[in-house]
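I would like the atomic coordinates for the input below:
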Amino acid sequence: MERIGHTGNVYYFADLFGRCTRSTSTWGQHWDKQHMMRRARPSEELAEAPLDRGSKVAFVLSGGGNQGVGQVGMLRALIEAGITPDVIVGCSAGALNGAALAYAPNLTGVARLASVWGDLKGSEVFPGSKFTRAWSVVRHGTHLFDNGGLQKVIRTGSAARSFADLSVPLRVVAADLDTGDEVVFVRGPLEPALLASAALPGVFPIIEHDNRRLVDGGIVNAVPLWHALCGPCDKIYVLNVSHSSGIQAFRSPLDVVMASFSHSRNLRYKLERRHVPDGPEIFEMPHPTDNRELFDFTGAEGIIEEGYELGREFLAAQVERAANSHAVQQEAWTNKKRRSKFRFGSGHAATGHERAAS
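Sure thing, here's the model as predicted:
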């Protein structure tokens, strides 16, 4: 396939199942349905894919750092309820979780993911002492930590090394540091795409991949809902943990950065929710409470369990609501048929009486 890029104000992006479409934008215009995707661009690795017009279910997994553990419980609730994705769209920690599920979209895959999060330690994701972090700043380094811990999460989460190894299509959102463009990876090597999507600026190394310098996709689209809305898609389940931060006290500069980042990255999601087109149903899964600091990876089991219980109750309520709605519609249809039958019968009786009289 030819190199994909942009000319002037025409930006190319990928729809839900990998087709290339394009959107013309004018810088500075207000957000609306035609311009929500104006800065989204596909990876150089993008390829055409056939579009299936059948029923589709999408999972959208937000970024959120260590709070991404809550998505594991939500995923368990969804899979247990028989809800499996036809496509997964993920950003940052959500991309890491999404890749693991895309490789094994079943309870075994979820259990493996739970094990990864349960064994994960803050010292693995953020290695080194306060002295080494301070030295990184003094020597004018571009990041505070290496990404060895993130590589461990990726490699233990699944055996997939390429997008082609996945059982379910995956869309990974990253950001081009030089242009600010949103970059969507859909094929090629998996690890660099995931490392880029989770490369929190200044915290982890910049990833040079696909002829770009890439960082955390959360700076442009932490909850990549619009990629699912580009469908076609009937149902979208949003696993958003990016707004669950509740840090009570700021103990480090990174706490301040993450809190500020949380407000910024949720703005786009709120705007997208206001402009959802008619058609797909959106289900936002309830998220567990998580007030841990950025470096704290303890208590994973309890957070997973809370996410599972909340998700299970939410989905059960959705089933009950759908059943009640169906019952109401069925009753309305039955009453309509009865009224039609009554009018038809009354008309025949009148006609017969008139004929007898004549």
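
for the stretch 51-200 of the chain, what spans make up the helices?
The residue ranges that make up the helices of the stretch 51-200 of the chain, judged by DSSP state H, counting those that start in this stretch, are 70-80, 93-103, 107-119, 122-125, 130-138, 148-157, 190-197.

The ones you listed: which one's closest to residue 204?
helix 148-157 (6.8 Å; CB to CB). Quick note: C-beta positions are derived from backbone N, CA and C, even for glycine.

Give me the mean pLDDT for the closest one.
The predicted model assigns helix 148-157 a mean pLDDT of 88.

and that helix, which residues are buried?
Within helix 148-157, the residues that qualify as buried are 149-150, 153-154, 157, counting by 16 or more other CB atoms under 10 Å.

just those residues now: which is nearest residue 219?
Sorting these by how near they are to residue 219, with CB to CB, puts residue 150 at the top with 16.7 Å.

didn't the closest one look like it was pressed against residue 192?
No: in terms of CB atoms under 8 Å, residue 150 does not count as a neighbour of residue 192; the distance is 11.3 Å.

ok, back up a step: right, so the helices of the stretch 51-200 of the chain: which one is the most enclosed?
Compared across the helices of the stretch 51-200 of the chain, helix 93-103 shows the largest average neighbour count, a mean of 29 (mean count of other CB atoms under 10 Å).

Summarise which helices and strands it is packed against.
Applying 3 or more CB pairs under 8 Å, 6 or more residues apart in numbering; DSSP states H and E, one finds that helix 93-103 makes contact with strand 57-61, helix 70-80, strand 87-91, helix 107-119, helix 148-157, strand 170-176, helix 190-197.

State the distance from residue 170 to residue 282.
Here residue 170 is placed at a distance of 20 Å from residue 282 (CB to CB, to the nearest Å).

same check, this time on residue 116
Between residue 116 and residue 282 the distance is 28 Å, computed by CB to CB.

out of the helices and strands packed on helix 93-103, nearest to residue 203?
Closest among the helices and strands packed on helix 93-103, once you apply CB to CB, is helix 148-157, at 10.5 Å.

tilt between that closest one and helix 93-103?
20 degrees (axes from the mean of the first three to the mean of the last three CA atoms, to 10 degrees).

can you start the count at 263 instead of 1 from here on
Right, with 263 as the first residue, what we last looked at is helix 410-419.

what sits against residue 467?
Applying CB atoms under 8 Å, 6 or more residues apart in numbering, we find residue 467 in contact with 404-405, 408-409, 461.

pLDDT score assigned to it?
At residue 467, the model reports a pLDDT of 92.

how about low-confidence regions in the stretch 263-412 of the chain?
Across the stretch 263-412 of the chain, residues meeting the criterion (pLDDT under 70) sit at 263-316, 390-402.

Low-confidence ranges, the stretch 463-612 of the chain, go.
For the stretch 463-612 of the chain, residues meeting the criterion pLDDT under 70 lie at 493, 505-517, 519-527, 587-612.

Let me see the ranges of the strands in it.
469-471, 474-478, 497-501, 543-546 (DSSP state E, counting those that start in this stretch).

Now mean neighbour count too, for these, in JSON lines please.
Conversion of the strands of the stretch 463-612 of the chain to JSON lines gives the following (neighbours: other CB atoms under 10 Å):
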{"stretch": "strand 469-471", "mean neighbour count": "19"}
{"stretch": "strand 474-478", "mean neighbour count": "23"}
{"stretch": "strand 497-501", "mean neighbour count": "23"}
{"stretch": "strand 543-546", "mean neighbour count": "14"}
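
Now render these as a markdown table, adding distance to residue 518.
As requested, these are arranged in a markdown table below (distance: least, CB to CB, whole Å):
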| stretch | distance to residue 518 |
| --- | --- |
| strand 469-471 | 24 |
| strand 474-478 | 17 |
| strand 497-501 | 26 |
| strand 543-546 | 27 |
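
And the residue lying closest to residue 567 once chain neighbours are set aside, how close does it get to residue 326?
The spatial neighbour of residue 567 that comes closest, neighbours along the chain excluded (CB to CB, 6 or more residues apart in numbering), is residue 335 at 6.2 Å. Applying CB to CB, one obtains 13 Å for the distance of residue 335 from residue 326.

Next, residue 542: phi, psi?
Listed backbone geometry of residue 542 is phi -70, psi 140, with angles given as degrees, to the nearest 10.
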